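S.K.: Return atomic coordinates for the entry below.
(chains A and B)
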Number of protein chains: 2
Amino acid sequence: MTLPPVDLAELASWRALIERALQEFVDDHCDVDGTRPPGRLRDAMAHALLGGGKRLRPLVCLSVAGVLGEGDDVSCALPAAVALELVHTYSLVHDDLPALDDDDLRRGRPTLHKAFDEATAVLAGDGLLTDAFAVLAGARHHAARQIEELARAAGSAGMVGGQHDDMRNEGRSLSSSEPSLREVHRRKTGRLFAAAAATGALAVDRLAVVDDARRFGQLLGFAFQVQDDVLDVEGDVEKSGKVRGRDQKHDKLTYVRTLGLAGAKALALQAGEEAAAAAVVVGEKAQRDPALLLRLARFAASRTH
Amino acid sequence: MTLPPVDLAELASWRALIERALQEFVDDHCDVDGTRPPGRLRDAMAHALLGGGKRLRPLVCLSVAGVLGEGDDVSCALPAAVALELVHTYSLVHDDLPALDDDDLRRGRPTLHKAFDEATAVLAGDGLLTDAFAVLAGARHHAARQIEELARAAGSAGMVGGQHDDMRNEGRSLSSSEPSLREVHRRKTGRLFAAAAATGALAVDRLAVVDDARRFGQLLGFAFQVQDDVLDVEGDVEKSGKVRGRDQKHDKLTYVRTLGLAGAKALALQAGEEAAAAAVVVGEKAQRDPALLLRLARFAASRTH
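M.R.: Below you'll find the predicted structure:
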């Protein structure tokens, strides 16, 4: 099976919208009385947040909103898009800490605890996570439901639970561990992508397709994570700024370890097609053209960085 | 000025309500599809959450709801009460980490990173914080506004900002630093008490007094924190399970250091009376008897543990 090359150039204008909204968060976030964060803490959060990145979770959110909404204005999904990237960024900052993965580089730059210090990295991560919910509370449609989607996906039963189990899996390598590895990937990565798609649907008030959108995001996230396992072995270091071999260094349980490189590649493509099929269901239910969502699914599964 | 002895025995039934709700959170919290957190992570969260504590932030929230609401059913404020204690508990877990205060004991028991390990303490804190917003999203009245109150109060411009500045203040001791110390206490402690009172008003749909309730909570929180500085020097170790001299060990900038013990005690009482005056304003605006809120303010300022 050969897929056509897929890229996200078509989403450049939305990516610019996301970058602007993230910069606005850094510049404008304040307490209810207008008090700003301490300058040094804000600098630390900006270091982590504005250091590049594909912004794929916000793009999934805006894409679902774009496909399901009226007209081509996706601004009502921007609170969710920003909140998703804040949550994703906090999770990277805390994962990189000495007590967890102990990484020195992220996207080609020093990790936050290296650029500042460990205490500041803990607090900046806490700030990004908490502020995400202040941002999302300002959403126009179904703000509380969007918050519930994000908080359950990112919390102890979701992403944080996945990080916990991922850490406990380190050093294990049985191929019989596949169901548990799928569960870790589902929680650690899939759940945030699922929330991205679900909040996109809620943001444009399409309640009837929230469950289908969540399923699409979940499958896309799984494809993304399997391909992440692949790219850790053979990714484009120059484009990603990533260090290869990170999984091996941390003795992580990955699909490359359980299935081999070829097996993991095949699984990523299969997962991408399952996500594409879920996108078709979303399109049918909503009577919209899901082409953009299919391309996103295939990008997640076949990206080279 | 001598105040009558104040205690919170009258709130025993609400405290029992809060304990039950916290236990229910530990037993029942799940993802949107019913998935539970990993058992070990849940045990870690339970260790931190169910290890005692005065539950004063939830009690402030329920008390404001009780004073302002119809009838004596405060159950509509329970999501806020639970969320406040989750956020408070996460902040203790992260503060105790080796990179921050590096404390071994909390409420007479091993801190979470001692009872489990550092990575688990980071993740359990992250889980408690995130889950708080999932709980609060289920509030009956003004859920999104309650979430905004809590998230702005606890985030980078609020409590996390206060923790950051508190850490940066360590080792400083100038009495000319009083305005900055007031600002640290306002953020680090005051803001969460302010959110407790504001969410209590929102929970019973009393929008017109949210600002006054927030101000009451803010002042009560300040009184509480000044008295905390005092109790670190002369507190009842047996009742609190606390280690005395923690502030000195960490070379914290406190009111005992800037004003002396007698000066700090006088400031706590003065702050308590300012909070009591703010409670009177709440009562007048809402046409309710604020007596319970006055007692809470005086308890915060004169407690012995």
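
S.K.: for chain A, which spans come out with low pLDDT?
M.R.: Within chain A, the ranges that satisfy pLDDT under 70 run A:1-6, A:172-179, A:236-243.

S.K.: what sits against the residue nearest the centre of it?
M.R.: Centroid-nearest residue in chain A, with CA atoms, centre = their mean: A:Arg57, separated by 4.2 Å. Residues near A:Arg57 by CB atoms under 8 Å, 6 or more residues apart in numbering or on different chains: A:81, A:84-85, A:88, A:192-193, A:196. All C-beta atoms are positioned from the backbone trio N, CA, C, and that covers glycine.

S.K.: just curious, which of the residues you listed is nearest to B:Gly161?
M.R.: Checking the contacts of A:Arg57 against B:Gly161 by CB to CB gives A:Glu85 as the nearest, at 20.5 Å.

S.K.: Contacts only, for the spatially closest residue to the closest one that is not a sequence neighbour.
M.R.: Closest residue in space to A:Glu85, ignoring its immediate chain neighbours: A:Pro58 at 5.1 Å, by CB to CB, 6 or more residues apart in numbering or on different chains. Neighbouring residues of A:Pro58 by CB under 8 Å, 6+ apart: A:18, A:80-82, A:84-85, A:196.

S.K.: Neighbour count and secondary structure added to the residues you listed, as CSV?
M.R.: Formatted as CSV, those follow (neighbours: other CB atoms under 10 Å in any protein chain shown; DSSP: H, G, I helix; E, B strand; the rest coil):
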residue, neighbour count, secondary structure
A:Ile18, 22, helix
A:Ala80, 31, helix
A:Ala81, 30, helix
A:Val82, 23, helix
A:Leu84, 32, helix
A:Glu85, 27, helix
A:Ala196, 35, helix
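
S.K.: In the stretch 151-300 of chain A, mark out all the helices, start to finish.
M.R.: Secondary structure of the stretch 151-300 of chain A by DSSP state H, counting those that start in this stretch: the helices cover A:159-169, A:178-185, A:191-203, A:210-234, A:237-240, A:246-249, A:255-286, A:291-302.

S.K.: tell me the angle of the third one relative to helix A:291-302?
M.R.: Read that as helix A:191-203. Per axes from the mean of the first three to the mean of the last three CA atoms, to 10 degrees, the angle that helix A:191-203 makes with helix A:291-302 is 170 degrees.

S.K.: What about contact with chain B: does the helix or strand hosting A:Asp27 have any residue there?
M.R.: In the assignment (DSSP states H and E), A:Asp27 maps to helix A:12-28. No. Contact of helix A:12-28 with chain B (CB under 8 Å from any CB of the partner chain) is absent, the minimum separation being 10.0 Å.

S.K.: Quick one: list the elements packing against that helix.
M.R.: helix A:39-49, helix A:56-68, helix A:78-95 (3 or more CB pairs under 8 Å, 6 or more residues apart in numbering or on different chains; DSSP states H and E).

S.K.: and it, how far from the chain's centre?
M.R.: Centroid separation between helix A:12-28 and its chain, computed with CA atoms, centre = their mean, to the nearest Å, is 16 Å.

S.K.: which residues sit against it?
M.R.: A:8, A:42, A:45-46, A:49-50, A:55, A:58-59, A:62-63, A:66, A:74-75, A:78, A:81-82, A:85-86, A:131, A:135.

S.K.: try it again with 6 Å
M.R.: A:46, A:49, A:55, A:58, A:62, A:78, A:81-82 (CB atoms under 6 Å, 6 or more residues apart in numbering or on different chains).

S.K.: Just want the angle from that helix to helix A:56-68.
M.R.: On the basis of the same axes, to 10 degrees, helix A:12-28 is oriented at 120 degrees to helix A:56-68.

S.K.: buried sites along helix A:12-28?
M.R.: A:14-15, A:17-19, A:21-22, A:25 (16 or more other CB atoms under 10 Å in any protein chain shown).

S.K.: swap in stretch A:51-71?
M.R.: Within stretch A:51-71, the residues that qualify as buried are A:51, A:53, A:55-69, counting by 16+ other CB under 10 Å.

S.K.: quick one, what contacts A:Gln55?
M.R.: Rather than Gln, residue A:55 is Arg. A:Arg55 neighbours (CB under 6 Å, 6+ apart): A:15, A:18.

S.K.: Angles on the backbone of it, please.
M.R.: Here is the backbone geometry of A:Arg55 (degrees, to the nearest 10): phi 60, psi 40.

S.K.: Over to A:Pro110?
M.R.: The phi and psi values for A:Pro110, taken as degrees, to the nearest 10, are phi -60, psi 140.

S.K.: Show me what it is bridged to.
M.R.: Beta-bridge pairing of A:Pro110 under DSSP bridges involves A:Leu105.

S.K.: Can you tell me how far it is from A:Thr89?
M.R.: Distance, A:Pro110 to A:Thr89, using CB to CB, to the nearest Å: 15 Å.

S.K.: Ok, A:Val282 next?
M.R.: Taking CB to CB, one finds A:Val282 at 27 Å from A:Thr89.

S.K.: Look up how far A:Met159 lies from the nearest residue to A:Leu269 once chain neighbours are set aside.
M.R.: Counting by CB to CB, 6+ apart, A:Leu269 lies nearest to A:Ala301, which is 5.4 Å off, once chain neighbours are set aside. Computed as CB to CB, the A:Ala301 to A:Met159 distance reads 21 Å.

S.K.: With A:Arg215 instead?
M.R.: Going from A:Arg215 to A:Met159 by CB to CB gives 17 Å.

S.K.: again with A:Ala46
M.R.: Going from A:Ala46 to A:Met159 by CB to CB gives 23 Å.

S.K.: got it, and A:Leu181?
M.R.: Distance from A:Leu181 to A:Met159, by CB to CB: 16 Å.

S.K.: Need the contact partners of stretch A:125-141.
M.R.: A:29, A:45, A:76, A:79, A:82-83, A:86-87, A:89-90, A:93-94, A:143, A:146-147, A:203, A:205, B:133, B:144, B:147-148, B:151-152, B:154-156, B:160.

S.K.: Check which helix or strand the nearest residue to A:Val160 once chain neighbours are set aside maps to.
M.R.: Closest residue to A:Val160 apart from its sequence neighbours, by CB to CB, 6+ apart: B:Gly127 at 4.4 Å. Element membership for B:Gly127 (DSSP H and E) is helix B:118-136.

S.K.: This completes my enquiry, with thanks.
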